[in-house]
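> can you look at this prediction? I've put the sequence above it.
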Amino acid sequence: MNTEDVKKAAWLGALSNYGRTLLRIILGLVTFRMLYQGLSKEDFGFWSLLWSVFGYGILLDFGFGYAAQKRVAEGLAKKDWDKLSRALSTIFFFYLGAAVIIGALGWYMSGPLLGWLGVAADKQDLYRPVTVLFFGGMALGFPMGIFPEVLRGLQQIQTANRIAMLGLVANASLLALALWLHWSLMAVFMIALGCVLVPDLLAGWAALRAMPEVRIRPSLFCKRELFSTGKFSLFAWVNMISNLLRNKTDQIVVGAVVGLPAVALYQAGGKAGEMFGIITKQIADALSPAAAYFHAGGRKDALRAMLLKGLRLTVLVAAPLYVGGALYLDILVRILTGEKTPAMSTLVVGEILLFWYFHLALTHLVFKKMFMMCGQERRLMWQGLGEAGLNILFSVGLTLILVNRNWGHDAIIGVAAGSVLPTVLFGWFVLWRWAAEETELTKTALFRATLLRPLLACVPMLLTGLACRLILGPAFGQAEWLPSLTGMAITGIAAIAGVWSIALEPAEKDRLRQKLPARFRSSAPLPKPVA
């Protein structure tokens, strides 16, 4: 692959990421409703508890999945298939050994685990086989889960996403059939696990077919390769843990300092920010394997160009979404929670966390995702740990101050504010300066090249949205539906106009025009014939 092929694969992969994410959100909402109505309350609660355990299973990844993506991208750049065969064989069989241990522990601990989860004694005999099945499937997911990462390393993100989308559609369809026919809870779990594992198998077939020179064999397992790959994996894993501490400890702080009832208020405000974060990270995810490829091939100019364009496009997506979300957050919270009048502390928390995720898109996402693949994992690890530590310190400290001042449940605002402060400090004083060094620009020049025009493009949207809120909608948090939806539509039109007239470059406008049907394109005058 040449430089242009890799760039094209990265940008098409980013678009594919958005398609997969949209489908996942839609089918996730549909599946949630089906399961909530089709299962008993006990079965649905058990389902939710086990899948929450599955979510934390990523901690047992130890960063090797990310390492597989990096190793494949480097192998593709250097054409060193023997080394890549050793690396993938080592990772696969390391995971296979871990899978045996996880499966055995799941079988052995299934009984005590049900007690710890609060399952009633008369239900434990029914749920134990399901638990053993679940942990067996979770164990198999470890070695098979490297294959989607291999496809991404091969710059075949679109293929990985197509397979994942097939799994999502199959999962929703088969679950609907199982619930309609009143199949057992065991069957429901088998469908869900199968729709995770079968796509991974398909990804493995596609990946090995794309690189016939690579072999995965037990004889290729190499302790030296395990140690070599493990160094990167350890840094990537610790960085993942620091991100988890930064992003997921807020609820723990709220519950411990303010009280469990306040967790619901906090989560209601933070849900819009979480969805915003899922949407805005897709470009950064698609650029990671391309960054590893360019770094391995010594293509520094291509790496810098992709960093600049990736950051600019991420902000081009994030800025209008943030402004619209901030203007109409009360409507979003009401849609998500069903509450007619959300608590003001929930709305304030929502605004703070929405800004937090937006700031991550400005200064963190693209740079950290790309340069984790470019030999900077140790430095990024220390940056992440420092930011996570300050996040916890500020969140606890500010919340305790507000609790001592008798703010009650409104003290959850301190937790949210404590998350924003370290992100702003590390974002502008550490990461932005570092990104400027890597792109060989001044910090001001980097801002002008990436952030200025996308942010200016949101000014018409902001002014229009504020006018709509003032004219069409009453007080924040109590807006009527019809005026608010009208205002959102008008604000969206202003956003499109601002992005088109201010943010997009002439070449980008021309490419977008070419995507339109012929009758909608503005035709240029024909050149006059030369006499």
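Noted; the coordinates are in hand. Residues are numbered from 1 along each chain as shown.

> now the stretch 51-200 of the chain, which segments are flagged as low pLDDT?
52-63, 113-120, 122 (pLDDT under 70).

> quick one, phi psi at the spatially closest residue to residue 162 that is not a sequence neighbour?
Using CB to CB, 6 or more residues apart in numbering and skipping the chain neighbours, the partner closest in space to residue 162 is residue 16 (7.5 Å). (C-beta placed from N, C-alpha, C; glycine too.) Backbone torsions for residue 16, taken as degrees, to the nearest 10, come to phi -60, psi -40.

> which ones are touching residue 16?
Neighbour list for residue 16: 157, 158, 161, 162, 286 [criterion: CB atoms under 8 Å, 6 or more residues apart in numbering].

> turn those into CSV, including distance to residue 123, neighbour count and secondary structure.
Formatted as CSV, the contacts of residue 16 follow (distance: CB to CB, whole Å; neighbours: other CB atoms under 10 Å; DSSP: H, G, I helix; E, B strand; the rest coil):
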residue, distance to residue 123, neighbour count, secondary structure
157, 42, 28, helix
158, 44, 18, helix
161, 38, 24, helix
162, 39, 19, helix
286, 44, 26, helix
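
> and the pLDDT at the residue nearest to residue 162?
Looking at residue 16, its pLDDT is 90.

> returning to that earlier point: identify the farthest-apart pair in the contacts of residue 16.
162 and 286 (14.2 Å; CB to CB).

> ok, residue 472 to residue 323 distance?
17 Å (CB to CB, to the nearest Å).

> who has more neighbours, those two?
For residue 472 versus residue 323, the count of surrounding residues by other CB atoms under 10 Å is larger for residue 323: 24 against 17.

> name the SS class of that one, please.
Of the three states, residue 323 takes helix under DSSP: H, G, I helix; E, B strand; the rest coil.

> how far off centre is the helix or strand where residue 99 lies?
Secondary structure assignment for residue 99, by DSSP states H and E: helix 81-116. Offset of helix 81-116 from its chain centre (CA atoms, centre = their mean, to the nearest Å): 24 Å.

> do stretch 171-178 as well
25 Å.

> identify each buried residue in it, please.
By neighbour count with 16 or more other CB atoms under 10 Å, stretch 171-178 contains the buried residues 171, 172, 174, 175, 178.

> what are the contacting residues of the helix or strand in which the third one is found?
In other words, residue 174. Assigned by DSSP H and E, residue 174 falls within helix 157-180. Counting by CB under 8 Å, 6+ apart, helix 157-180 makes contact with 9-10, 12-14, 16-17, 19-20, 23-24, 27, 30-31, 34-35, 38-39, 148, 151-152, 187-188, 191-192, 195-196, 198-199, 202-203, 206, 286, 289, all of which sit outside it.

> same thing but at 7 Å, please
Here helix 157-180 makes contact (CB atoms under 7 Å, 6 or more residues apart in numbering) with 9, 12-13, 16-17, 19-20, 23-24, 27, 30-31, 34, 38, 148, 151-152, 187-188, 191-192, 195-196, 198-199, 202-203, 206, 286.

> so which of the residues you listed belong to helices?
9, 12-13, 16-17, 19-20, 23-24, 27, 30-31, 34, 38, 148, 151-152, 187-188, 191-192, 195-196, 198-199, 202-203, 206, 286 (DSSP state H).

> and those residues, which are buried?
9, 13, 16-17, 20, 23, 27, 31, 34, 38, 148, 151-152, 187-188, 191-192, 195-196, 198-199, 202-203, 206, 286.

> sorry, back to before: between the helix or strand following the helix holding residue 99 and helix 81-116, how many degrees?
Remark: after helix 81-116, the chain's next helix or strand is helix 121-144, criterion DSSP H and E. Per axes from the mean of the first three to the mean of the last three CA atoms, to 10 degrees, the angle that helix 121-144 makes with helix 81-116 is 170 degrees.

> buried residues, helix 121-144. List them.
Under 16+ other CB under 10 Å, the buried positions of helix 121-144 are 124, 126-128, 130-144.

> so residue 445, which of the three states?
helix.

> state the distance from it to residue 439.
9 Å.

> quick one: the residue nearest to residue 162 from residue 156, how far?
Counting by CB to CB, the gap from residue 16 to residue 156 is 10 Å.

> swap in residue 329?
38 Å.

> also residue 429?
For residue 429 relative to residue 156 (CB to CB), the value is 38 Å.

> likewise for residue 267?
36 Å.

> compare those two and say which is more crowded by neighbours.
residue 156 (22 against 18).

> now for the nearest residue to that one once chain neighbours are set aside, how many residues are close by?
Computed as CB to CB, 6+ apart, the closest residue to residue 156 that is not its neighbour in sequence is residue 210, at 6.5 Å. Neighbour count of residue 210, defined by other CB under 10 Å: 16.

> let me see the contact set for residue 197.
Applying CB under 7 Å, 6+ apart, the residues near residue 197 are 137, 140, 141, 144.

> could you dump those residues into JSON lines with distance to residue 242 added?
Output for the contacts of residue 197, formatted as JSON lines (distance: CB to CB, whole Å):
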{"residue": "137", "distance to residue 242": "29"}
{"residue": "140", "distance to residue 242": "29"}
{"residue": "141", "distance to residue 242": "24"}
{"residue": "144", "distance to residue 242": "27"}
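
> between which two of those residues is the distance greatest?
137 and 144 (10.1 Å).

> residue 226 contacts residue 91, correct?
No - counting by CB atoms under 7 Å, residue 226 does not reach residue 91; the two are 8.2 Å apart.

> comparing those two, which residue is more hemmed in?
For residue 226 versus residue 91, the count of surrounding residues by other CB under 10 Å is larger for residue 91: 27 against 17.

> can I assume the more buried one is in contact with residue 70?
No - with contacts counted by CB under 7 Å, residue 91 stays clear of residue 70, the gap being 10.9 Å.

> now the end-to-end length of stretch 34-42.
15 Å (CA to CA, to the nearest Å).

> which residues sit against that stretch?
44, 47, 123, 175, 176, 179.

> walk me through the domains of this structure.
1-244, 249-504 (automatic domain parsing).

> and of the ones you listed, who's closest to residue 515?
With CB to CB, the closest approach to residue 515 among the domains of the chain belongs to domain 1-244: 11.8 Å.

> what confidence value was assigned to the residue nearest to residue 156?
Residue 210 is given a pLDDT of 88.

> isn't it right up against residue 154?
Yes - with contact defined as CB under 7 Å, residue 210 reaches residue 154; the gap is 5.6 Å.

> where does pLDDT dip in the stretch 401-531 of the chain?
Applying pLDDT under 70 to the stretch 401-531 of the chain flags residues 473-479, 516-531.

> go with 80
In the predicted model, the stretch 401-531 of the chain carries pLDDT under 80 at residues 408-410, 472-484, 508, 511-531.

> show me where it has helices.
412-426, 432-439, 443-447, 453-456, 459-471, 481-498, 506-515 (DSSP state H, counting those that start in this stretch).

> only the buried residues of the shortest one, if you could.
Taking 16+ other CB under 10 Å as the basis for neighbour counts, the residues of helix 453-456 that come out buried are 453, 454, 455.

> elements contacting that helix?
On a contact count with 3 or more CB pairs under 7 Å, 6 or more residues apart in numbering; DSSP states H and E, helix 453-456 meets helix 300-327.

> got the buried residues for the helix it packs on?
Neighbour-count burial for helix 300-327 [16+ other CB under 10 Å]: 302-303, 306-327.

> so how far is it from its chain's centroid?
15 Å.

> next, the angle helix 506-515 makes with that helix.
Going by the same axes, to 10 degrees, helix 300-327 makes 70 degrees with helix 506-515.

> look up how far residue 188 lies from residue 176.
Counting by CB to CB, the gap from residue 176 to residue 188 is 11 Å.

> follow-up on the earlier one: for the residue nearest to residue 156, give its distance to residue 351.
46 Å.

> correct me if wrong: residue 484 contacts residue 331.
Yes - counting by CB under 7 Å, residue 484 does reach residue 331; the two are 5.1 Å apart.
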